[in-house]
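Chemist: A structural model of the following input is requested.
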Amino acid sequence: MKTELVEKINKTVMSFMPSGAVMPSKYVEDAMYYAMSSGGKRIRPMIMYLTYKALSDNPEEEKILNRFMAAMEMIHTSSLIHDDLPALDNDSLRRGKPTVHVEFGEDVAILAGDALLNLAYETAVLSMLDKPGDVRLERALMVLMRKTGITGMLGGQSADVVMSGKKLKSDERDFIYECKTAALIEASFMAGAYLAGADDKTIELLETAGKNLGLAFQVQDDILDIVSDAETLGKEVGQDEKNDKNTYVAEYGMEEARKFVIEKTEEVISILDRTLKTDREEAVLLKELAKELAGRNS
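Modeler: From the prediction side, this is the model:
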C-alpha cells in the first residue's frame, strides 16, 4: 500500500498546481512545476493524510483534506527552493536534479518559491469557502500559517542564515532544528488531527510527536551528510562541514547521534499508540513511516 499511497498523494498534490499561465508568468510556472514534480517522498502530506485517517474517515471531506495536503507540500517545496539559493545554502543538487536556481536562474527561483508559498495559502483557504465558519478548518489553517512563519520554519531559516559561519551554542542549533525542520512536520500531524476533529489534548501530544520526529529526521540528515554520497542522497554531501555547521553529530559524535535518532523515534511511536485508533491500517502505516525515516539512507 505504501507505493500506492505515495502515488495517490503525488497525484493529489500535483492536481492543485495551476495550468495555462500566460506570459510573463509562464517561466515562473515552469520553475514551480520543476520543483514540485522532481520527486521527493511527500512525507509531510503523507503524515497529514495518515493522521486524519487514523482518527476519522469522512469521504465527504476528502476534498478538504486534499487541499491541505497540497498546501503543505507547496510550502515545503518553496522552502527547499529558497534554502538552495546562493544566498542561503548555495546547493546545486536537489532530489538528484539541478536545483531551481541552477536550472532557471536565481531571480526566477526566488519568484517560484514565493509563488508556491502564496499558492499554498490560496489552496487551503478555498476549503473554508466550502464550509464557512468551520472551526476545524480555521484551526488547521492557523497552524499551517503559524508553523510556516517567523516562529516556525521561516524563523528557523532566518536563524540559520544569520548565524551562518558562527559557532553555534547547543540551544541555538536546537532552535534551528525545531523551527526549520520540525515545525512543518508538527503542522502536518496537527492539521490532520484538527481536520479530523481531535480534542486539544490529542493535538498537543501529536505536536510533540511531530517535534520528536522532526528532530530525529534532522539528525539523521546530519548523519547522512557525512556517511552517504550525492548519488544516493540526491543532493550534495559534506555541506555541513563545508559551511562549518555545529550539527548534533559534530558536537556529540556519530554514536550518540544514532542513539538520539532511535530514542526520539521511540517517543514518537509511544505517542501514536496513545492517541490514534491503533486498529486502523493508517495508524500502523504512520508508525512504520516514522521508523523508516529514522533508518533511511536517502
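Chemist: what stretches of the chain score poorly on pLDDT?
Modeler: 1, 20-25, 228-245, 297-298 (pLDDT under 70).
Chemist: hey, which helix is longest across it?
Modeler: For the chain, the helix with the greatest residue count under DSSP state H is helix 200-227.
Chemist: residues of it that come out buried?
Modeler: 202-203, 205-225 (16 or more other Cβ atoms under 10 Å). For glycine as for every other residue, the C-beta is placed from the backbone atoms N, C-alpha and C.
Chemist: Put the alpha carbons of stretch 279-292 into CSV.
Modeler: C-alpha atoms of stretch 279-292 as CSV (Å, rounded to 0.1, in the frame of the first residue of the first chain):
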residue,chain,number,x,y,z
ASP,A,279,-6.6,-0.9,14.9
ARG,A,280,-6.7,1.2,11.7
GLU,A,281,-4.3,0.4,8.9
GLU,A,282,-3.4,4.1,8.7
ALA,A,283,-2.1,4.1,12.3
VAL,A,284,0.1,1.2,11.5
LEU,A,285,1.4,2.9,8.4
LEU,A,286,2.1,6.1,10.3
LYS,A,287,4.2,4.2,12.8
GLU,A,288,6.0,2.4,10.0
LEU,A,289,6.7,5.7,8.3
ALA,A,290,8.3,7.1,11.5
LYS,A,291,10.6,4.1,11.7
GLU,A,292,11.5,4.3,8.1
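Chemist: Distance from the chain centre to it, please.
Modeler: Computed by Cα atoms, centre = their mean, to the nearest Å, the chain-centroid distance of stretch 279-292 equals 18 Å.
Chemist: what residues does that stretch touch?
Modeler: Under the contact criterion Cβ atoms under 8 Å, 6 or more residues apart in numbering, stretch 279-292 has outside partners 1-2, 5, 43, 46-47, 49-51, 53-54, 213, 265, 268-269, 272-273, 276-278.
Chemist: name the element residue 41 belongs to?
Modeler: Per DSSP states H and E: residue 41 is located in neither a helix nor a strand.
Chemist: Surely it is in contact with residue 6?
Modeler: Yes: the criterion here is Cβ atoms under 8 Å, and residue 41 meets it with residue 6 at 7.1 Å.
Chemist: how about the nearest residue to residue 217 once chain neighbours are set aside, what does it touch?
Modeler: Nearest residue to residue 217 in three dimensions, chain neighbours excluded: residue 293, at 5.4 Å (Cβ to Cβ, 6 or more residues apart in numbering). Shown in contact with residue 293 (Cβ under 8 Å, 6+ apart): 43, 213, 216-217, 220, 265.
Chemist: can you pull out the strands in this structure?
Modeler: Applying DSSP state E to the chain gives strands spanning 93-94, 97-98.
Chemist: Neighbouring strands of the last one in the sheet, and parallel or not?
Modeler: In its sheet, strand 97-98 lies beside strand 93-94 (antiparallel), with partners assigned from DSSP bridges.
Chemist: How far off centre is the partner strand?
Modeler: When distances are taken as Cα atoms, centre = their mean, strand 93-94 is centred 16 Å away from the chain's centroid.
Chemist: now do stretch 13-21
Modeler: Stretch 13-21 sits 20 Å away from the centroid of its parent chain (Cα atoms, centre = their mean).
Chemist: how about that stretch as CSV, C-alpha atoms only?
Modeler: Provided in CSV are the C-alpha atoms of stretch 13-21 (Å, rounded to 0.1, in the frame of the first residue of the first chain):
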residue,chain,number,x,y,z
VAL,A,13,-0.7,17.3,-4.7
MET,A,14,0.0,17.9,-8.4
SER,A,15,-3.7,18.3,-9.3
PHE,A,16,-3.8,21.6,-7.5
MET,A,17,-0.9,23.2,-9.5
PRO,A,18,-2.0,25.9,-11.9
SER,A,19,-2.1,25.4,-15.6
GLY,A,20,-2.2,27.5,-18.7
ALA,A,21,-0.5,30.6,-17.3
